[in-house]
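> Just to be clear, the model below is a prediction. Sequence and coordinates:
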Amino acid sequence: MHYHRSIGSTVSIIDYSMANLRSVQKAFEHNGAGACIISTPEEVRRADRIVLPGVGAIGDALKTLRGRGLDDAICEHIASGRPFLGICLGLQMLFDVGYEDGEHIGLGICRGKCVRLEVDVTHALKVPHMGWNQLRIKSESPLLRGIDDGCHVYFVHGYHVVPDDDVIIATTTDYGVSIISSIWKDNVMATQFHPEKSQVVGLKMLDNFARF
């Protein structure tokens, strides 16, 4: 169903050349939310709510954010209390450090690290973790309003976050081991999975963010 009205404030999606931005934008627009793509620190600072998507290597992503001055602008946005949604790399970069092809200092919004996903190959599990898997809800994150425990969402990742503080865990997912599939900390929500690829469930989550 398409809605013909604006929901909440415009959602600004950060373009730093490491994500399929149009699919995220189309998912918000499907729900009737205004969604625009931005790429400068000034635009981030003016934005009501921002989405930081991403695919690829964390080191390259952090280097690009810092090279364009987007890292400080993102941290200022979060510190101001305005809504933030990270998707995939956008989750991983929030932590103190990432260990993909070396050691990379993250944005430090959340205490903890991002490490390689290690699974038991005897169970025929492969890395990267790719495809549909279930969520186990651990907290009442605003992103999960109206979402059922056990619902399926779409993953593509070879690394996962390990928070120092379990209180920020919103959902977990089993892939031979229990991994953190989303977090929530005040105005910050972030997912390891891709809501924009998760059909009805993902659209509901994006609608929740646009209304938060």
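That came through fine. Residues are numbered from 1 along each chain as shown.
> Tell me which residue lies nearest the centroid of this protein.
In the chain, the centroid-proximal residue (CA atoms, centre = their mean) is residue 87; its distance is 2.1 Å.
> wait, isn't that one in contact with residue 53?
Yes. With contact defined as CB atoms under 8 Å, residue 87 counts as touching residue 53 (4.3 Å). In short, each C-beta sits where N, CA and C put it, glycine included.
> ok, now which ones touch the residue nearest to the centre of the chain?
The neighbours of residue 87, taking CB atoms under 8 Å, 6 or more residues apart in numbering as the test, are 19, 24, 51, 52, 53, 54, 190, 191, 194, 195, 196.
> If we only consider these, which is nearest to residue 44?
residue 52 (9.4 Å; CB to CB).
> and that closest one, what does it touch?
Residue 52 neighbours (CB under 8 Å, 6+ apart): 14, 74, 84, 85, 86, 87, 89, 90, 93.
> Keep only those of those that are in strands.
Members of the contacts of residue 52 lying in strands (criterion: DSSP state E): 14, 84, 85, 86, 87.
> who does the fourth one bridge with?
As for beta bridges, residue 86 partners with residue 52, residue 190 under DSSP bridges.
> Give the burial count for it, as a bare number.
Using other CB atoms under 10 Å, residue 86 has 28 other residues around it.
> ok, it touching residue 187?
No. The criterion here is CB under 8 Å, and residue 86 misses it with residue 187 at 11.8 Å.
> Quote the end-to-end distance of stretch 127-143.
For stretch 127-143, the first and last residues are 27 Å from each other (CA to CA, to the nearest Å).
> residue boundaries of the strands in the chain?
In the chain, the segments counted as strands under DSSP E are 11-14, 35-38, 49-52, 84-87, 95-98, 104-105, 110-116, 129-134, 136-137, 152-157, 159-163, 169-174, 178-185, 188-191.
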